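# fold the stuff below for me.
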Amino acid sequence: MLMAALDQFLPREWQQLGLMPSLSLRVFGMRRSGNHAILSWLQRNAPNGRSVFLNNCKPGTDPLQNARGIEVNGSRASQNKAKRDMAAVTRPAGEGAMFLVSYEDTSPAEFGLGRQVSGPFDEALFSHNILIYRGFLNWSASLLKKMQPNESYSLMRRNAILLRTVDSYTRLLQLVRQAADLGLTPICYDTWVAQEGYRAGLLQALGLELRDNTLGEVQPYGGGSSFQKQITSVAELETGKRWQQMRDDPEYQALLHLAARDPVLMQELEALFPKDAAYLRSVALQAPLVPQPSQGDLA
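Next comes the predicted model:
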């Protein structure tokens with residue numbers, strides 16, 4: 001009776017969740033940026049290993065109502081049951097569990113006071129907002145490689161999606177550069193994979209005790225790796241070589257030529273990924289199309 005009475009004083013969101021988290025994290029990242037590797041790592045380092053994870057939530061709406069996947073203490077949970085009674089699904093995580101919400105292909109920069117990223121969910125309840133980002137060359141190569149086998153996408157539709165996503169990626173990088181002033185926590189996937197000390201420092205900054213600082217297993221979301229389907233360990237993935245593996249692909253070459261001529265994207269890459277920017281500058285010096293024969297040559 002006493003606990004039921006106390007629950008009435010909790011925010012609506014925690015009442016619906018069936019528990020009061022000790023830490024609540026909201027994570028943004030583009031697809032193929034290593035989001036789920038990092039999200040799995042965060043869950044493994046949750047207080048006492050206890051967590052509720054709402055995956056790939058629909059932007060602009062309440063994440064408690066529009067998650068595309070739910071995990072409780074690292075295990076998949078029933079979405080259908082959660083739609084009927086969220087608390088019945090998430091309460092087993094226990095009081096003080098970590099609450100984790102993720103958004104894909106979404107930048108907070110696309111929202112404002114008139115339309116909040118998480119809809120009616122109280123923004124103040126999030127302890128930290130995290131931005132996951134990855135170098136442009138490997139990220140774009142992985143994204144294109146993932147999309148190409150999809151037979152429902154024509155070449156034009158696939159590239160329209162790709163270009164819109166690059167535009168969102170650019171706006172996310174703009175936020176990364178302002179992260180310190182905006183109170184955001186950026187996580188660079190490339191550095192996260194390479195440096196154990198970087199991972200440990202991030203956990204400390206987020207107020208998490210280091211429990212498991214390994215890279216973990218490849219997550220099944222999105223079909224796993226675009227290039228190495230049979231690999232199960234993140235440490236075995238050659239994530240830094242994706243652009244070399246796609247360098248001779250005509251679609252990828254076309255994307256690089258467009259990217260190299262986008263001054264806004266190039267400005268962000270110059271600041272965050274200067275090696276990527278340098279390569280794109282070399283691409284911009286090359287003619288994107290084979291010169292057409294003159295009328296005399298055709299005669």
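
# other SSEs contacting the longest helix along the chain?
In the chain, with assignment by DSSP state H, the single longest helix is helix 155-177. Here helix 155-177 touches strand 128-133, helix 136-147, helix 250-260, helix 263-272, going by 3 or more Cβ pairs under 8 Å, 6 or more residues apart in numbering; DSSP states H and E. Glycine gets a C-beta too; all of them are placed from N, C-alpha and C.

# okay, and for the stretch 101-250 of the chain, where does confidence drop off?
113-114, 218-241 (pLDDT under 70).

# now the helix or strand encompassing S40 and strand 128-133, what's the angle there?
Using DSSP states H and E, the element containing S40 is helix 35-44. Taking axes from the mean of the first three to the mean of the last three Cα atoms, to 10 degrees, one finds helix 35-44 and strand 128-133 inclined to each other by 150 degrees.

# and helix 35-44, which residues are buried?
The neighbour-count check on helix 35-44 (16 or more other Cβ atoms under 10 Å) flags 35-44 as buried.

# just to revisit the earlier point, need the helices and strands packed on helix 155-177 in a markdown table with distance to R164 and mean neighbour count, can you?
Formatted as a markdown table, these follow (distance: least, Cβ to Cβ, whole Å; neighbours: other Cβ atoms under 10 Å):
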| stretch | distance to R164 | mean neighbour count |
| --- | --- | --- |
| strand 128-133 | 17 | 21 |
| helix 136-147 | 11 | 23 |
| helix 250-260 | 12 | 18 |
| helix 263-272 | 13 | 17 |
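
# quick one: which of the ones you listed is nearest A179?
Nearest of the helices and strands packed on helix 155-177 to A179, taken as Cβ to Cβ: strand 128-133 at 6.4 Å.

# centre of the chain to that closest one, how far?
8 Å (Cα atoms, centre = their mean, to the nearest Å).

# what lines up beside that strand in the sheet?
strand 23-29 (parallel), strand 185-188 (parallel) (DSSP bridges).

# can I get the ones you listed in CSV with mean neighbour count and distance to E104?
Below are those laid out as CSV (neighbours: other Cβ atoms under 10 Å; distance: least, Cβ to Cβ, whole Å):
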stretch, mean neighbour count, distance to E104
strand 23-29, 23, 7
strand 185-188, 21, 15
